[in-house]
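> Any chance you could fold what I've pasted below:
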Amino acid sequence: MPGRLSRLLSLFAVLPVLAGCASSGNLVSESSRQYVREIESFVIEDESGLPYDLPLLGGLNVPRPQMHDIDADGDIDLFVQEETGSVIFLENTGTASEPRYVWRTDRYQDLDVGEWYRMLDLDGDGDIDMLAEERFSHIRYFRNEGTVEKAKFVLVVDTLRDANGVPIFADRQNIPNLTDIDCDGLVDLFIGRITGTITRYESIGMDANNVPQFKFVTDNFEDIEIIGELQTRHGANTMEFGDLDGDGDDDLLWGDFFEPGLLFIRNLGSCGLPSMRGEPEPFPGRNPVETSGYNAPIMVDVDMDGDLDVLFGVLGGAFNANFTTSDNFYYLEQTDKNVFEHRTSRYLRTVDVGSESVVKFADFDADGDQDLLIANKIAPADHNVSTVYYFENIGSASAPHFRAMGTMDLLATYHQNPAIADLDADGDLDMLIGKWNREIAYFRNEGTASNPNFILVDPVYISLTRGSNSAPTLGDIDGDGDYDLFVGEASGTINYYRNDGTPEEPNFVLVSDEFDGIDIGRRSYPTLVDIDDDGDLDLVIGSELEGLRLFRNNGSRTEAMFEDDGIIDVHVPVLATPEFVDIDGDGDLDLFMGGVSGGIIFYRNR
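Sure, this is the predicted structure:
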């Protein structure tokens with residue numbers, strides 16, 4: 001282990017009632033528990049000591065940005081779609097030239113935008129409206145019925161229609177764009193097709209209900225046909241129009257599943273007579289950016305210096321999307337006419353370890369506060385392994401402050417999922433590590449509580465009867481003084497292993513691979529926690545798409561009886577991996593989650 005990781009780990013003073021790393025306190029009663037999402041609750045620093053701006057945003061895998069001054073305060077605010085159906089809103093509380101983004105919501109106005117959204121003034125009233133995907137592959141229209149200072153988006157129609165009343169079809173994997181390409185005062189609608197061509201519709205104004213109407217113009221706009229590096233016609237694509245070269249007409253940036261970057265198509269005509277029949281060029285010309293493909297660009301004057309810059313999210317295409325699970329939100333600044341400098345590939349600085357993060361807490365250095373581990377699916381820089389990152393709490397038990405200290409060199413495998421406890425009763429913490437397959441490895445700490453030395457005891461300590469993505473959690477479920485083991489897996493069921501050994505020498509014996517008939521859907525992530533403060537362990541299970549489900553223990557510490565109590569009422573990411581810990585020392589358990597986007601989501605228990 002590099003650096004200070006050579007002195008990891010500490011002990012739980014007594015065998016905890018709670019599971020493994022969720023041992024610091026109990027949740028308050030059900031009626032008084034209130035979870036509040038927070039993004040900047042405490043400082044998390046990278047290895048250089050630089051704090052993350054938005055540490056608990058949750059990570060980004062497929063960011064689809066838009067930027068508009070939505071509150072008319074003179075600076076540009078940021079909207080980012082990461083999940084299907086919802087938009088993150090980050091208000092710019094800085095200045096026009098030096099933005100500072102503050103998270104406001106993950107579900108902007110609770111708008112269901114499907115797979116894409118576009119924001120612009122469609123009805124000519126001076127405020128921003130929105131088009132978005134109507135499942136599947138039609139176009140919703142949200143009209144802004146508020147003001148330029150305070151937007152209020154209202155769904156007007158769920159399907160835009162052409163001048164003949166036919167619904168306009170937009171393949172859901174292709175993100176359309178709108179611009180007045182010929183400067184006639186009417187907005188044109190452009191839709192990429194799976195053939196690599198572009199369909200153009202021309203606005204013919206608003207109907208009697210103030211809904212935009214478009215007439216079909218052509219399926220072969222400017223005879224553009226994008227053929228990718230793999231010499232196939234393209235499928236998923238995005239586009240953005242804007243006067244990128246400052247000559248008074250709109251140019252085109254094209255992102256495509258089969259292109260390892262952006263393509264630039266210059267408008268060789270004029271504002272009134274566009275001509276875009278030139279050869280597509282990799283962008284920017286002097287030093288083209290290379291990504292995994294399928295990039296979603298916007299042209300915007302980010303630094304307010306009078307020219308257009310480029311932001312784009314990497315959605316992941318044909319060139320190994322694992323490379324861009326962390327570096328996927330690019331900012332290219334236009335520093336001189338047609339000269340673009342790559343400023344960052346993480347425009348929003350948030351904790352992000354790639355994809356499918358798992359968050360665990362324990363006092364790893366025996367200083368009385370909770371430190372942090374984050375594991376991922378696959379390391380973005382090394383596709384042969386997953387990575388476990390260690391963040392030391394250099395603050396205190398009531399005022400945490402985390403700093404990245406490197407990675408833990410454990411297993412050359414994928415989907416490492418730690419369960420942490422003193423398994424041999426020697427006063428320091430050991431670990432079980434779940435893997436991408438059905439196996440669980442056992443690491444014993446042969447160092448000390450404050451200076452650990454993890455030694456692999458058995459790489460296949462436990463092997464599930466079936467399934468994959470083993471997700472272990474530990475807790476004394478039968479009150480006999482040793483840890484028992486629950487394991488989630490890909491099919492959504494729970495494996496229960498009773499510890500028939502001793503606190504000094506565990507012996508996990510399979511009781512059931514379908515414990516209590518529980519099936520959470522895909523990818524079960526269990527954790528044992530006394531959620532109702534009654535002295536026994538309840539079971540909370542994260543999942544791929546079904547949220548966090550609580551199975552309350554209506555039995556006792558020695559004889560558990562779990563009953564389905566429904567979904568915990570918090571917004572969760574895809575692949576929610578819950579972890580409960582008293583991070584602020586106020587005597588109740590707060591909620592952390594990893595997820596598919598690779599970051600940390602935090603709910604404070606108030």
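
> Just give the nearest non-adjacent residue to residue 387, would you?
Leaving aside its sequence neighbours, residue 387 sits nearest to residue 379 (CB to CB, 6 or more residues apart in numbering; 4.3 Å). (Glycine included, C-beta is placed from N, CA and C.)

> just checking, the one you found touches residue 385?
Yes: when contacts are counted by CB atoms under 8 Å, residue 379 is listed as touching residue 385 (5.5 Å).

> More neighbours: the two, which one.
Neighbours were tallied for residue 379 and for residue 385 using other CB atoms under 10 Å; the higher tally belongs to residue 379 (20 against 17).

> State the distance from the residue nearest to residue 387 to residue 416.
When distances are taken as CB to CB, to the nearest Å, residue 379 and residue 416 turn out to be 10 Å apart.

> and what of residue 390?
With CB to CB as the criterion, residue 390 and residue 416 are 13 Å apart.

> shaky segments in the chain?
Counting by pLDDT under 70, the chain contains low-confidence ranges at 1-33, 228-235.

> where along the stretch 501-606 of the chain do the strands fall?
508-512, 525-529, 538-542, 549-553, 562-567, 577-581, 590-594, 601-605 (DSSP state E, counting those that start in this stretch).

> okay, these in a markdown table with distance to residue 440 and mean neighbour count next?
Shown next, in a markdown table, are those (distance: least, CB to CB, whole Å; neighbours: other CB atoms under 10 Å):
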| stretch | distance to residue 440 | mean neighbour count |
| --- | --- | --- |
| strand 508-512 | 9 | 16 |
| strand 525-529 | 13 | 27 |
| strand 538-542 | 17 | 26 |
| strand 549-553 | 22 | 21 |
| strand 562-567 | 22 | 14 |
| strand 577-581 | 16 | 27 |
| strand 590-594 | 18 | 25 |
| strand 601-605 | 25 | 22 |
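
> So for stretch 373-388, what gets flagged as buried?
373, 374, 375, 376, 377, 378, 379, 380, 385, 386, 387, 388 (16 or more other CB atoms under 10 Å).

> out of these, which one sits closest to residue 243?
residue 380 (34.8 Å; CB to CB).

> Quick check, that closest one in contact with residue 325.
Yes: taking contact to mean CB under 8 Å, the distance of 5.3 Å between residue 380 and residue 325 places them in contact.

> Spell out which residues are contacts of both of those two.
Jointly contacting residue 380 and residue 325 under the rule CB atoms under 8 Å, 6 or more residues apart in numbering are residue 354.

> With secondary structure and distance to residue 100 as added columns, please give the buried residues of stretch 373-388 in CSV.
Conversion of those to CSV gives the following (DSSP: H, G, I helix; E, B strand; the rest coil; distance: CB to CB, whole Å):
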residue, secondary structure, distance to residue 100
373, strand, 30
374, strand, 25
375, strand, 31
376, coil, 28
377, coil, 31
378, coil, 32
379, strand, 31
380, coil, 27
385, coil, 36
386, coil, 33
387, coil, 30
388, strand, 32
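
> of these, closest to residue 332?
Proximity of the buried residues of stretch 373-388 to residue 332 (CB to CB) peaks at residue 380, which lies at 20.6 Å.

> Need phi/psi at the closest one.
phi -60, psi -30 (degrees, to the nearest 10).

> what does residue 143 give?
Residue torsions, per degrees, to the nearest 10, at residue 143 are phi -90, psi 140.

> The residue nearest to it when sequence neighbours are not counted: neighbouring residues, count only.
Distances taken as CB to CB, 6+ apart put residue 156 closest to residue 143, at 4.8 Å, once the chain neighbours are dropped. In terms of burial, residue 156 registers 18 neighbours under the definition other CB under 10 Å.

> Is residue 156 in a helix, a strand, or coil?
Each residue gets one of three states, and residue 156 gets strand by DSSP: H, G, I helix; E, B strand; the rest coil.

> same check, this time on the one 3 residues further on
Applying three-state DSSP to residue 159 yields a three-state assignment of coil.

> Ok, the one 5 residues further on next?
Three states are possible here, and by three-state DSSP the one that applies to residue 164 is coil.

> Can you give me the distance of the residue nearest to residue 387 to residue 347?
When CB to CB is applied, the distance between residue 379 and residue 347 equals 22 Å.

> for residue 499, same thing?
Counting by CB to CB, the gap between residue 499 and residue 347 amounts to 48 Å.

> returning to what we had before: of the buried residues of stretch 373-388, closest to residue 221?
If you rank the buried residues of stretch 373-388 by distance to residue 221 using CB to CB, residue 380 comes first, at 36.6 Å.

> Go ahead and confirm residue 528 touches residue 477.
Yes: counting by CB under 8 Å, residue 528 touches residue 477, with 7.0 Å between them.

> Touching both of these two, which residues are there?
With CB under 8 Å, 6+ apart applied, the overlap between the contact sets of residue 528 and residue 477 consists of 486, 537.

> What's the separation between residue 332 and residue 521?
Counting by CB to CB, the gap from residue 332 to residue 521 is 40 Å.

> One more: residue 339?
Going from residue 339 to residue 521 by CB to CB gives 50 Å.

> Tell me the backbone dihedrals of residue 222, please.
With angles defined as degrees, to the nearest 10, residue 222 sits at phi 50, psi 20.

> what about it, how many neighbours?
For residue 222, using other CB under 10 Å, the count is 19.

> Can you give me the distance of the residue lying closest to it once chain neighbours are set aside to residue 288?
The shortest distance from residue 222 to any residue that is not its chain neighbour, by CB to CB, 6+ apart, is 4.2 Å, and that residue is residue 276. Summarising the geometry, the distance separating residue 276 from residue 288, computed by CB to CB, is 19 Å.

> quick one: which of those two has more around it?
The residue with more neighbours, out of residue 276 and residue 288 and counting by other CB under 10 Å, is residue 276; that gives 21 against 15.

> Hmm, residue 263 and the more buried one touching each other?
No: taking CB under 8 Å as the contact criterion, residue 276 and residue 263 are not neighbours in contact, 11.6 Å apart.

> And stretch 135-148, end to end?
This stretch, stretch 135-148, spans 29 Å end to end (CA to CA, to the nearest Å).

> buried ones in it?
Of the residues in stretch 135-148, those with enough neighbours to count as buried (16+ other CB under 10 Å) are 137, 138, 139, 140, 141, 142, 143, 144.

> cool, and stretch 491-509?
Judged by neighbour count using 16+ other CB under 10 Å, the buried positions of stretch 491-509 are 491, 492, 493, 494, 495, 496, 497, 498, 499, 503, 506, 508.

> Among those residues, pick out the one closest to residue 110, please.
Set against residue 110, the nearest of those by CB to CB is residue 492 (27.9 Å).

> Common neighbours of residue 379 and residue 416, please.
Common neighbours of residue 379 and residue 416 (CB under 8 Å, 6+ apart) are 386, 387.

> List the pairing partners of the host helix or strand of residue 296 within its sheet, with orientation.
Counting by DSSP states H and E, the element that carries residue 296 is strand 295-300. Applying DSSP bridges to the sheet, strand 295-300 is found paired with strand 309-314 (antiparallel).
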